[in-house]
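Trainee: sequence below, structure please.
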Amino acid sequence: AVSGRSLGEMPARLRGIAPHTDLVDYGLPVAGPKAASWSGDKDPREGFVKGSIFVDRAGDETSITEYNVYWHAATGIRGPKVGSIPGIDFMEPTCSGLSCALIDRSKTVDGEYVFERGAYGDNEQATISLSGPGRVEVTAFETELYYDSLTVAGVELSGNMTEFVPGSVELPEGDVVIEWSSDEFETASGWSFQLRQDGATAELDVDATEILGSGFEVVPAYGANELTSRAIVVDITDSTSTSASTALPGNKRRLTASQASQYKRSDTTSHQSVEEFPPIETPEPKQQSERWLHRPMPNSEGRVLWVEHRAVQLSEVAARPGRVRGSFTVSGLDEAAATQPAVRSAFARSLAAQLPSIEDGRMQLVRILSVRSGMVKIEFEVELSANSQVADLDRIEAELLLLRTGQRAAARFDAALTAGLAASGLAMLTQIDSWHAVVGSPQQLSPKMLASTLVPAGEVQVGGSFRLRRSSQSNFV
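Mentor: Next up, the predicted model:
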């Protein structure tokens, strides 16, 4: 606070001669630790203990800056402070969105979360929020390519990824979002993943010290304010003596070391949870309890004949600078012949010749599928270089659309394909003199195209099957 007059005022300096007061952020915890346990006494001396206190953090630490640990007497009197465990803004996975109830969620015996969405429906949307670091391991994945996707910490997964699973995505520190969405048309067999979240349990080491109570009290705090009603008391046992369970007044509850065997942390572990749980059932072996991890996934696109095997991480696939995906089908081609290296090379060279705007080596085949008897589908991908612009994606997409129209560009492609297949030696195996390709609709993917930012706003049919989609957050289609 400063004083002044018409000619000016005294200088405003923090902690100067003017009166001042510190600003304190006032808060009160709204949650507490879920459980706490004692490792057991490692000091053989009578009257002394040494060990570790394990604290299962609150499901949401937004209102917790630390957990204070005190000595606690059997009479309920709090003793000296032992130490503090800092909060880390930990948050368990929580789901928001209309489709959360459709996603199966469970937890393994080793504390990992399992999320599964099997045969899903149209127009689903869900967002799973949590704190990192951690790791997501995708164990099954098949969705409609391009339009139905699961985005894990910015890594977009879409299509039939049977060849890539199990695959993992590392979760960074801080807030992490996993987004799922499907459009209003085709569906598939769905997805499943396991989530390992680091930091859920904190540890406070207790050096060799004289016993000053019957146990420890763990209290959640926000700064100087504590929420004693959510405190947890953990009994300790001197390694040279025994103790019995003692009731505590108020809302506090206690478990002694003699009850530790049911929690399987160690033979001398005491454990307490502030949540009420139903009776624990003996879990089935993982092979039986997770049968969905091993079930075959139907492929609505066709039977896979050949896949380009690339040793890449899922995050690397999603981090490409930009790409255009497409496909074309050829009738009258034998399945075994379609996968021969010379024939695949003819496919690639013939198509690349029709795309003058791409650099050498930027177009490659991804998969070859048998759609039905005598018809194969060749899927390809055109990837841009690191210094390319968005306009380059538009140019490539326009060139592919010309091939789809069936006009002069398509005729040139057919001629190049016929010559390429003849040069590969295929003419010796078939009586077909001229080959015809039917090009499918291309799909442009920008570097960080997230399915959650695309809101279906109706569809129009152009040329029979070309689909236009407009984003509600941008002006492009």
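Trainee: where does pLDDT dip in this protein?
Mentor: Applying pLDDT under 70 to the chain flags residues 13-17, 240-301, 309-321, 386, 388, 406, 427-431, 445-477.
Trainee: the residue nearest to the spatial centre of it pairs with what?
Mentor: For the chain, the residue sitting closest to the mean C-alpha position, by C-alpha atoms, centre = their mean, is V152 at 3.4 Å. Legend: beta-bridge partners of V152 under DSSP bridges are V155, I178.
Trainee: check contacts around it.
Mentor: Contacts for V152 (C-beta atoms under 8 Å, 6 or more residues apart in numbering) come out as 136, 138, 169, 171, 178, 193, 314. In short, each C-beta sits where N, CA and C put it, glycine included.
Trainee: neighbour-wise, which of the residues you listed leads?
Mentor: V136 (26 neighbours; other C-beta atoms under 10 Å).
Trainee: quick check: which element contains the residue lying closest to that one once chain neighbours are set aside?
Mentor: Once flanking residues are discounted, V136 sits nearest to V169: 4.7 Å by C-beta to C-beta, 6 or more residues apart in numbering. Taking DSSP states H and E as the criterion, V169 maps to strand 167-181.
Trainee: which of the residues in that strand are buried?
Mentor: 167-169, 171, 176, 178-181 (16 or more other C-beta atoms under 10 Å).
Trainee: pull the most distant pair out of these.
Mentor: The two members of the buried residues of strand 167-181 with the most space between them (C-beta to C-beta) are S168 and S181, at 21.8 Å.
Trainee: ok so, going back, would a markdown table of the contacts of V152 with distance to A74 be doable?
Mentor: Putting these into a markdown table (distance: C-beta to C-beta, whole Å) gives the following:
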| residue | distance to A74 |
| --- | --- |
| V136 | 45 |
| V138 | 50 |
| V169 | 49 |
| L171 | 43 |
| I178 | 46 |
| F193 | 47 |
| L314 | 54 |
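Trainee: from those residues, pick the one nearest E397.
Mentor: L314 (24.6 Å).
Trainee: in TSV: the buried residues of strand 167-181, plus distance to T209.
Mentor: Shown next, in TSV, are the buried residues of strand 167-181 (distance: C-beta to C-beta, whole Å):
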residue	distance to T209
G167	48
S168	42
V169	43
L171	37
V176	38
I178	44
E179	49
W180	50
S181	54
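Trainee: ok, those residues vs G111, which is closest?
Mentor: Nearest to G111 among the buried residues of strand 167-181, with distances taken as C-beta to C-beta, is L171, at 15.3 Å.
Trainee: ok, what's across the strand from that closest one?
Mentor: Going by DSSP bridges, L171 forms beta bridges with G134.
Trainee: residues in contact with it?
Mentor: 130, 132-136, 152-153, 197.
Trainee: ok, the residues you listed vs R349, which is closest?
Mentor: Using C-beta to C-beta, these come closest to R349 at V152, 36.2 Å.
Trainee: which residues in the stretch 151-300 of the chain form helices?
Mentor: 286-289 (DSSP state H, counting those that start in this stretch).
Trainee: strands of that one, start to end?
Mentor: Assigned by DSSP state E, counting those that start in this stretch, the stretch 151-300 of the chain shows strands spanning 155-158, 167-181, 190-197, 201-210, 215-222, 225-226, 232-235, 254-255, 270-273.
Trainee: of those strands, which is nearest P19?
Mentor: P19 sits nearest to strand 225-226 of all the strands of the stretch 151-300 of the chain, at 26.1 Å, using C-beta to C-beta.
Trainee: mind listing what that closest one pairs with, with the direction of each?
Mentor: Here, using DSSP bridges, strand 225-226 pairs with strand 215-222 (antiparallel).
Trainee: how far off centre is the partner strand?
Mentor: On the basis of C-alpha atoms, centre = their mean, to the nearest Å, strand 215-222 is displaced by 32 Å from the centre of the chain it belongs to.
Trainee: now do the buried residues in it.
Mentor: For strand 215-222, by 16+ other C-beta under 10 Å, it's 215-222.
Trainee: and for stretch 391-405?
Mentor: 392-393, 396-397, 399-404.
Trainee: so of those, which two are at opposite extremes in space?
Mentor: D392 and R404 (19.2 Å).
Trainee: and T143, what does it touch?
Mentor: By C-beta under 8 Å, 6+ apart, the neighbours of T143 are 120, 149-150, 157-160, 182, 187-188, 190-191.
Trainee: S6: neighbour count?
Mentor: 5.
Trainee: can you check P86 too?
Mentor: 10.
Trainee: F328 now?
Mentor: Based on other C-beta under 10 Å, the number of other residues close to F328 is 23.
Trainee: helix or strand: which one has it?
Mentor: strand 323-331.
Trainee: sheet partners, orientation included, of that strand?
Mentor: strand 375-383 (antiparallel), strand 437-439 (antiparallel), strand 443-445 (antiparallel).
Trainee: and the ones you listed as TSV, adding distance to T209 and mean neighbour count?
Mentor: Below are those laid out as TSV (distance: least, C-beta to C-beta, whole Å; neighbours: other C-beta atoms under 10 Å):
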stretch	distance to T209	mean neighbour count
strand 375-383	62	22
strand 437-439	76	20
strand 443-445	60	19
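Trainee: can I get these in JSON lines including distance to E92?
Mentor: JSON lines is the format used below for the strands paired with strand 323-331 (distance: least, C-beta to C-beta, whole Å):
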{"stretch": "strand 375-383", "distance to E92": "38"}
{"stretch": "strand 437-439", "distance to E92": "48"}
{"stretch": "strand 443-445", "distance to E92": "32"}
